[in-house]
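# Below are the sequence and a predicted model; questions follow.
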Amino acid sequence: MYAGIETTSVITSIAALTSWGLSFAGVNKYLRSHSTHDDNGFYMLFSIFVSLAVAIAVAAGSRLMMVQTASSGMGLVTTANIILAVAVMIIWGISFLGVTRHLKSHSTKKDNGFIMLLSAAASLVVAIAAAAAGSRLLMVQTAPSDMDLLTTANITLAIAVAAIWGISFVGITRHLKSHSTQTDNGFYVLLSAAASLVVAIAAAAIGSRISMLQTSPVNLGLGITPVDIGLGVVALAVLIGPFTVKKIEHNLEAFLFVMGVLSVTIASVWEMKLVEEAVMEPVVKGIVPAVLVAGMAFHYGRSRAQSAMSYILDHVSLKAVAFVMIVGLGLMSSIITAIIAALLLVELVNCMPLERKDKINLVIIACFAIGLGAVLTPLGEPLSTIAISKLQGPPYNAGFFFLFDKLALYIIPGVLAMGVLGFFFTRKAVKQECITIAEDSETLRDVGVRAVKVYIFVMALLLLGAGMKIIIDKYFTVIPSEVLFWVNMLSAILDNATLTAAEIAPSLSLGQITAALMGLLIAGGMLVPGNIPNIISANKLGITSKEWARLGVPLGLVLMLVYFVWIFYIPFGPLAG
């Protein structure tokens, strides 16, 4: 699976990237501290070139060192080598943090870049020593033979040990700080790192012994396996975690990414193709570029948009604006894409004289409309693109307007209903200038950070979908369409494109296809992870999972019930007769 990856290449890449980042930060800070002028871009470019030279030198040196000293077993990436590399990187990071804090606590001057470079060098020495000691340990013939390959058990063990190490480190650090009256000068960090490392080594030893036991796959009855249970627990954590743990709620991207990695690990579907897809898809599909470009456009054109909205609100009632905005964006999303529609939505709502609660309600309703409307053409969203590609052969021979012809009967009334709902949810407001809250102070850095968060979010959903595909293929494809309609509420936490790829096939009847797609589309608006417009809107307006669920869940359930009765029990539509 990973036969083409050499350990030397991996280590060289990590060393080069790390040295580039540290050199860039140090040189940039040094230049700025010795200048009385604002950076017009020259310092950044100069810092990039200098740090690039350092990185090239480090890459060349590390490559030469690996060739001269590496054992024959270091040729390919093995679990043992990966664990060693991760451990060395963590040791390097903790050492860097500890040394930096120690130097800063004993210095009366502001760091002009020297302390950072000195800390990087000192911590690099510690990391090299750790790598040397670790490589010697790997040469001892004590590891089980299956450590030569990347197996699910080994990956799971590595993740578990890393988690135990991190939790132990945080716990010990807090304990030491709570029992001390002095400011940490770096000693606590180093002591906590050492103590937590002992805990992690003990956990690794115990875990490796357990993994060596001959435990064959177990069928727990009704075809249920431990893998199914593990994936079910992950799905439950994704569903419940953001509502019960505040740290998860405020770091939803990172949490979903961890859950995605865990689901892929449990399902044992790691492969380079999946990694490449997870890394590239958010960019290739145009999601991240659209967020970045639109964010920059709105950043520079916000004043004009605010002026235009102020003019409109002076001549048109707020309720009418809300109706036209929701219906217009909902229907246009099939042409301009759901991503652009969501970005326009946020800017428009952000400039309306409404309280925060009213803005959130309006955004949620509009995202339901956008999620529904985007399915009408293959341009709107990945779900519609996948559905068309799966049905383009006999017997449907689906073309560009296939979904419009078959689903417009359900979609357009739904979008209009969301517009009416938004009309009534929009409270009367005293006409005033646009309220832009924190958006006026948004910098280009904020635009970039938001794009990165969306990137991680989309990548996490893709990994979650890949891991959950085992359950989808095993259980969902044999469920009757009436039941599948409700089961597809999982679209609220999973990538609906993945569910579409697994469920839609030319062998299904038109009624089954309609039921499956409508269930996915409606449920996608219930929670933040359910749809790209939700993710973009929640991230840009700072809407929490709880705030979204307060309206999203009940509204979604009502829509599910209405459409269930309409599709299956009213003789009006594809299932008629």
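Arrived safely. Keep in mind it's a predicted model, so treat the numbers as computed, not measured.
# in the helix or strand hosting residue 446, what counts as buried?
Using DSSP states H and E, residue 446 sits within helix 444-475. Neighbour-count burial for helix 444-475, with 16 or more other CB atoms under 10 Å as criterion, is recorded at 447, 450-451, 453-472. The C-beta positions use only the backbone N, C-alpha and C, and glycine is treated the same way.
# Specify the residue ranges that define each domain of this structure.
Domain segmentation of the chain under automatic domain parsing yields 7-218, 284-569.
# Considering those domains, which stretch scores lowest in mean pLDDT?
In terms of average pLDDT, domain 7-218 trails the rest of the domains of the chain, at a mean of 64.
# What separation do you get for residue 420 and residue 255?
36 Å (CB to CB, to the nearest Å).
# Could you count how many residues lie near the residue nearest to residue 545 when sequence neighbours are not counted?
Leaving aside its sequence neighbours, residue 545 sits nearest to residue 242 (CB to CB, 6 or more residues apart in numbering; 3.8 Å). For residue 242, the neighbour count with other CB atoms under 10 Å is 25.
# Tell me the helices and strands packed up against the one helix or strand residue 242 maps to.
Assigned by DSSP H and E, residue 242 belongs to helix 226-244. The contact analysis (3 or more CB pairs under 8 Å, 6 or more residues apart in numbering; DSSP states H and E) places helix 226-244 against helix 246-250, helix 252-267, helix 444-475, helix 545-569.
# I'd like these as a markdown table, with distance to residue 115 appended.
Shown next, in a markdown table, are the helices and strands packed on helix 226-244 (distance: least, CB to CB, whole Å):
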| stretch | distance to residue 115 |
| --- | --- |
| helix 246-250 | 30 |
| helix 252-267 | 29 |
| helix 444-475 | 23 |
| helix 545-569 | 40 |
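# Could you check how far residue 421 is from residue 414?
Distance from residue 421 to residue 414, counting by CB to CB: 10 Å.
# Residue 517 in helix, strand or coil?
Under DSSP: H, G, I helix; E, B strand; the rest coil, residue 517 falls in the helix class.
# That one: what's it in contact with?
Residues near residue 517 by CB atoms under 8 Å, 6 or more residues apart in numbering: 375, 383, 387, 403, 407, 500, 504.
# Separate out the buried members of the residues you listed.
For the contacts of residue 517, a burial check counting by 16+ other CB under 10 Å picks out 375, 383, 387, 403, 407, 500, 504.
# can you tell me which of these are in helices?
Under the assignment DSSP state H, those contribute 383, 387, 403, 407, 500 to helices.
# Now the helix holding residue 242: buried residues?
Judged by neighbour count (16+ other CB under 10 Å), helix 226-244 contains these buried residues: 227-228, 230-231, 234-235, 237-238, 241-242.
# What mean pLDDT does that helix get?
Across helix 226-244, the average pLDDT comes to 79.
# Compute the inter-axis angle for that helix and helix 444-475.
140 degrees (axes from the mean of the first three to the mean of the last three CA atoms, to 10 degrees).
# Specify the angle between helix 226-244 and helix 252-267 in degrees.
Using the same axes, to 10 degrees: helix 226-244 against helix 252-267 is 170 degrees.
# ok, so what distance separates the nearest residue to residue 267 once chain neighbours are set aside from residue 494?
Closest residue to residue 267 apart from its sequence neighbours, by CB to CB, 6+ apart: residue 467 at 4.5 Å. Distance, residue 467 to residue 494, by CB to CB: 10 Å.
# Report the angle between the host helix or strand of residue 275 and helix 252-267.
Taking DSSP H and E as the definition, residue 275 sits inside helix 272-284. Angle of helix 272-284 versus helix 252-267, following the same axes, to 10 degrees, is 160 degrees.
# Against which helices or strands is helix 272-284 packed?
Contact here means 3+ CB pairs under 8 Å, 6+ apart; on that basis helix 272-284 packs against helix 444-475.
# which helices and strands does the helix it packs on pack with?
helix 226-244, helix 252-267, helix 272-284, helix 287-315, helix 496-503, helix 532-541.
# Would you tell me which one of those helices is buried the most?
Comparing the helices and strands packed on helix 444-475 by mean neighbour count (mean count of other CB atoms under 10 Å), helix 532-541 ranks first with a mean of 26.
# Now do it: which elements does it pack against?
Against helix 532-541 (3+ CB pairs under 8 Å, 6+ apart) you get helix 338-350, helix 356-373, helix 444-475, helix 545-569.
# Export the ones you listed to JSON lines and append columns for distance to residue 485.
Shown next, in JSON lines, are the helices and strands packed on helix 532-541 (distance: least, CB to CB, whole Å):
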{"stretch": "helix 338-350", "distance to residue 485": "22"}
{"stretch": "helix 356-373", "distance to residue 485": "15"}
{"stretch": "helix 444-475", "distance to residue 485": "15"}
{"stretch": "helix 545-569", "distance to residue 485": "6"}
